[in-house]
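*Asks:* Sequence and predicted model, in that order:
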Amino acid sequence: MSEPYRFLNTNVQNAAMNMAIDESILTHHLKDEAPPTLRVFRWSQPSISLGRFQSTEREIVSEVCLERGVSLVRRPTGGRAVYHRDEFTYSIIISKHYGVPPGVVAAYAFLARGLLTALTLLGVNAELSDERISKHPSAACFASSTQADLTSGGFKLIGSAQVWKDDTLLQQGSLPLDDRAAEFFTMLRFPNETARREALALYREKTTPLHTFAPFASWDAVADAFYSGFCAALQVDFVYDTLSHSEWELANRLAGEKYSKLEWRKERISLTGTS
């Protein structure tokens with residue numbers, strides 16, 4: 001085993017703070033002030049995270065989100081919209097110095113070993129999708145499949161997206177536990193209701209939540225499986241830990257100054273998304 005990595009369960013945070021924490025860890029890791037970090041977390045209210053370059057106006061019915069108390073936040077990673085309700089969210093920050101191969105697909109495949117092992121521990125046989133990017137007529141993450149997705153029985157289970165800064169990557173991903181697609185699609189913009197129904201039907205042909213295969217898996221059980229899965233797959237020790245004072249300080253600043261707004265997106269950075 002090599003030097004310890006870090007496992008964080010930051011529990012329940014609001015949408016802006018969840019994104020800010022990931023950027024804070026990324027910044028500290030770039031400065032060698034934080035080890036490679038696997039984080040699992042929850043959301044204080046139903047939320048939709050948008051890919052970095054998605055258009056809120058074109059793709060999201062903001063007034064419906066407001067009526068339902070659904071928070072909107074822009075991710076630092078790419079990809080499409082993800083609905084964070086009854087799902088499991090993770091992030092991992094790691095650099096090439098720790099063995100992550102160069103290239104988007106290669107890096108996804110490297111980290112997918114941890115995800116696949118976690119799903120196996122939950123009793124789910126999954127595989128890394130061999131599909132090229134397939135488009136779907138909606139803004140939803142799980143409607144599209146790429147080579148970075150994990151599937152089981154032909155259904156997409158986990159969607160992930162990356163952002164690279166120098167030699168360090170942040171990968172964020174979502175594993176739906178239950179099917180919330182119908183309510184999610186009411187908050188996505190379509191030209192008419194027929195298009196919405198057709199898109200939802202197609203979405204459900206391609207995706208399914210974890211509880212289809214592991215009906216009794218709790219959020220905590222999934223967190224334990226992610227911890228054990230990444231330890232085994234990457235052959236490293238992940239130490240249970242907490243954010244440093246400096247990481248919390250930067251996260252609070254980023255949450256207030258950046259992630260509480262949807263307008264930011266111009267920082268130059270190498271970004272990929274499959275969500």
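*Replies:* That came through, no problem. Only a predicted model underlies this, so the values are computations on that prediction, with no experimental measurement involved. Numbering: from 1, shown residues only.
*Asks:* Report the central residue of this protein.
*Replies:* With distances taken as Cα atoms, centre = their mean, residue 173 lies nearest the centre of the chain, 2.2 Å away.
*Asks:* quick one, phi/psi of that residue?
*Replies:* Main-chain torsions, residue 173, degrees, to the nearest 10: phi -150, psi 160.
*Asks:* residue ranges of the strands in this structure, please?
*Replies:* 5-13, 37-43, 47-50, 71-74, 82-84, 87-95, 127-128, 150-152, 155-165, 168-176, 238-241, 270-273 (DSSP state E).
*Asks:* and of the ones you listed, who's closest to residue 182?
*Replies:* strand 82-84 (10.6 Å; Cβ to Cβ). Glycine gets a C-beta too; all of them are placed from N, C-alpha and C.
*Asks:* Can you list the strands that that closest one pairs with?
*Replies:* Note on strand 82-84: by DSSP bridges, its sheet partners are strand 47-50 (antiparallel).
*Asks:* What is the distance between the partner strand and the centre of its chain?
*Replies:* Computed by Cα atoms, centre = their mean, to the nearest Å, the chain-centroid distance of strand 47-50 equals 10 Å.
*Asks:* So what touches it?
*Replies:* Here strand 47-50 makes contact (Cβ atoms under 8 Å, 6 or more residues apart in numbering) with 15, 19, 56, 59-60, 65, 70-75, 80-85, 184, 187, 262.
*Asks:* So for residue 202, which of the strands of the chain sits nearest?
*Replies:* Here strand 155-165 is closest among the strands of the chain (Cβ to Cβ), at 12.1 Å.
*Asks:* That closest one packs against which elements?
*Replies:* Applying 3 or more Cβ pairs under 8 Å, 6 or more residues apart in numbering; DSSP states H and E, one finds that strand 155-165 makes contact with helix 15-30, helix 104-121, strand 150-152, strand 168-176, strand 270-273.
*Asks:* hey, least reliable of the ones you listed by pLDDT?
*Replies:* Among the helices and strands packed on strand 155-165, strand 270-273 has the lowest mean pLDDT, at a mean of 44.
*Asks:* just to revisit the earlier point, looking at the strands of the chain, spot the one closest to residue 27.
*Replies:* strand 155-165 (8.4 Å).
*Asks:* quick one on the thing from earlier: just put the helices and strands packed on strand 155-165 in JSON lines and tack on distance to residue 255.
*Replies:* As requested, the helices and strands packed on strand 155-165 are exported to JSON lines (distance: least, Cβ to Cβ, whole Å):
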{"stretch": "helix 15-30", "distance to residue 255": "4"}
{"stretch": "helix 104-121", "distance to residue 255": "26"}
{"stretch": "strand 150-152", "distance to residue 255": "29"}
{"stretch": "strand 168-176", "distance to residue 255": "16"}
{"stretch": "strand 270-273", "distance to residue 255": "20"}
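*Asks:* Let me know which of those is the nearest to residue 230.
*Replies:* helix 104-121 (3.7 Å).
*Asks:* If you count contacts, what does the closest one end up packed against?
*Replies:* Short answer (3+ Cβ pairs under 8 Å, 6+ apart): helix 104-121 packs on strand 87-95, strand 127-128, strand 150-152, strand 155-165, strand 168-176, helix 219-234.
*Asks:* Mind doing that once more with 10 Å?
*Replies:* strand 87-95, strand 127-128, strand 150-152, strand 155-165, strand 168-176, helix 219-234, strand 270-273 (3 or more Cβ pairs under 10 Å, 6 or more residues apart in numbering; DSSP states H and E).
*Asks:* Which positions within the longest one qualify as buried?
*Replies:* What it means is helix 219-234. By neighbour count with 16 or more other Cβ atoms under 10 Å, helix 219-234 contains the buried residues 222-223, 225-227, 229-231, 233-234.
*Asks:* now that helix: mean pLDDT?
*Replies:* 97.
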